[in-house]
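Asker: Give me a 3D structure for the following:
(one chain, ligands or ions: 2)
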Amino acid sequence: MTKSAPLTATKSTTSTPSASGAPLVAVRDLSLTLDVAGQKRLVLRDVSLTIQRGEALALVGESGAGKSMTARAIARLQPDRATTTGSVHFDGREMLGLRGEQLRQARSGMSVIFQDPRAYINPVRRIGDFLTEQLRTVAHVDRHEATRRAQQMLSEVGITDTARRLHQYPGDLSGGMLQRVMIASALLSEPKLILADEPTTALDVTTQSEVMAILDELRHDAGVALLFITHDLDLAAAVCDRTAVMYAGQIVEAQESTGLHHHPRHPYTAALAAARPDLERPTSRLASIPGRPVGAWEAAQTCAFSDRCPHRQPRCTESGPLPLTHESGHSVRCIRADELGPLLQGESE
Ligand SMILES: Nc1ncnc2c1ncn2[C@@H]1O[C@H](COP(=O)(O)OP(=O)(O)OP(=O)(O)O)[C@@H](O)[C@H]1O
Ligand SMILES: [Mg+2]
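Answerer: Ligands and ions are numbered 1, 2, ... in the order given. Prediction:
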């Protein structure tokens with residue numbers, strides 16, 4: 001068993017390793033503290049992960065686990081007065097110390113897709129202006145060419161009548177259509193990384209799967225890496241080969257997405273898997289995780305999940321902070337992981 005190696009996404013079918021072999025994203029021991037009304041609040045604790053070029057990693061976990069904050073820290077979009085320690089390497093650059101033009105340049109290699117497109121698209125600007133702005137101002141593409149590319153990208157995300165769409169306003173489009181526009185916008189800048197924070201949560205189920213299929217296909221075609229945040233373990237498995245599970249600002253487990261359902265090694269992962277609806281085995285009552293999720297600032301220094309864990313033993317809270325241990329591409333932060341493995345398998349199914 002090795003300790004403190006970062007988690008690695010290994011999407012075998014799409015992997016396009018860089019010439020240097022260095023990961024596109026390497027987050028190491030990232031901790032983030034917010035200033036909330038003058039009080040320091042730790043929200044991320046020693047987060048480490050890597051994403052290779054062209055690979056996809058899902059981040060799952062209950063509300064407040066720190067998924068969005070991890071993505072925001074990678075893009076350096078954390079709230080004002082947040083302090084960070086550790087390291088965020090993106091495409092060969094350390095992001096945490098960058099300022100001004102250097103930061104803008106580094107960020108131009110990544111795109112963010114948020115849960116609610118309406119919150120991020122200016123309602124009084126036409127779709128065409130929204131889509132072409134970055135191409136024209138950052139990449140200095142002329143108006144005619146920028147419009148051509150925008151129309152082409154709209155077609156690729158399944159939007160018809162593209163010339164008319166460019167003249168419409170966000171309010172003229174449905175939520176699903178607008179999220180397709182966001183995906184088109186994200187891909188137009190030819191990013192190396194897409195940070196997708198619950199991109200389909202606000203959509204109905206049918207539109208959700210259509211939008212995910214488009215994102216997945218375009219991402220594969222363009223060889224773009226993806227950090228995909230979701231509450232849905234099944235969606236994570238469908239889109240990403242590896243999934244990292246967050247709890248209380250920490251990564252508690254990561255492995256191939258399909259294995260997560262069948263071979264969880266952390267009690268929290270097993271509980272999350274058991275709490276999801278299973279259409280093949282309908283039940284009158286879904287399992288829920290007792291207690292409430294806690295933030296990193298209020299979690300136990302030892303095992304953060306200990307106060308909700310059905311497998312807790314005295315020794316779980318007697319040691320110091322638990323390291324993430326790594327074995328055969330599987331990472332887990334649980335002192336009992338080896339002995340609990342077979343038991344958890346039954347719990348999650
Ligand atoms: N601007 C903020 N001010 C104060 N606390 C914040 C702020 N943003 C996030 N937090 C806290 O940081 C923690 C991590 O938040 P984050 O948004 O990353 O969670 P999440 O895993 O994305 O949850 P969700 O699934 O609900 O989106 C939470 O406890 C949250 O309350
Ligand atoms: Mg979030």
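Asker: Tell me the residues of the protein that contact ligand 1?
Answerer: Within the chain, the positions near ligand 1 by CB under 6 Å from any ligand atom are 34, 36, 43, 61, 63-69, 79, 295. For glycine as for every other residue, the C-beta is placed from the backbone atoms N, C-alpha and C.
Asker: which strands and helices sit next to the helix ranked longest in the chain?
Answerer: The longest helix of the chain (DSSP state H) is helix 205-222. Here helix 205-222 touches helix 175-188, strand 193-197, helix 233-239, going by 3 or more CB pairs under 8 Å, 6 or more residues apart in numbering; DSSP states H and E.
Asker: try 7 Å this time
Answerer: helix 175-188, helix 233-239 (3 or more CB pairs under 7 Å, 6 or more residues apart in numbering; DSSP states H and E).
Asker: got TSV for those helices, with mean pLDDT and distance to Thr258 too?
Answerer: Formatted as TSV, those follow (pLDDT from 0 to 100; distance: least, CB to CB, whole Å):
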stretch	mean pLDDT	distance to Thr258
helix 175-188	91	25
helix 233-239	90	6
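Asker: which SS class is Leu44?
Answerer: Three-state assignment for Leu44 (DSSP: H, G, I helix; E, B strand; the rest coil): strand.
Asker: give me every residue that touches it.
Answerer: Residues in contact with Leu44 (CB atoms under 7 Å, 6 or more residues apart in numbering) are 30-32, 66, 69-70, 73, 249, 296.
Asker: need the contact list for the nearest residue to it once chain neighbours are set aside.
Answerer: Nearest residue to Leu44 in three dimensions, chain neighbours excluded: Leu32, at 4.0 Å (CB to CB, 6 or more residues apart in numbering). Counting by CB under 7 Å, 6+ apart, Leu32 touches 43-44, 69, 73, 78, 82, 84.
Asker: The residues of the chain next to ligand 1: which two are farthest apart?
Answerer: Val36 and Gly61 (20.5 Å; CB to CB).
Asker: Looking at the contacts of Leu44, spot the one nearest ligand 1.
Answerer: Met69 (3.3 Å; CB to the nearest ligand atom).
Asker: now the residue found closest to Tyr120 once you drop the neighbours it is linked to in the chain: how far from Ser174?
Answerer: Closest residue to Tyr120 apart from its sequence neighbours, by CB to CB, 6+ apart: Phe114 at 5.3 Å. Distance, Phe114 to Ser174, by CB to CB, to the nearest Å: 17 Å.
Asker: what does His167 give?
Answerer: For His167 relative to Ser174 (CB to CB), the value is 17 Å.
Asker: One more: Thr258?
Answerer: 33 Å.
Asker: Repeat that for Gly21.
Answerer: Taking CB to CB, one finds Gly21 at 43 Å from Ser174.
Asker: These two - which one has more neighbours?
Answerer: Ser174 (11 against 8; other CB atoms under 10 Å).
Asker: Backbone dihedrals for the residue nearest to Leu322 when sequence neighbours are not counted, please?
Answerer: Nearest residue to Leu322, sequence neighbours excluded (CB to CB, 6+ apart): Arg333, at 5.0 Å. Torsion angles at Arg333 (phi, psi; degrees, to the nearest 10) stand at phi -120, psi 70.
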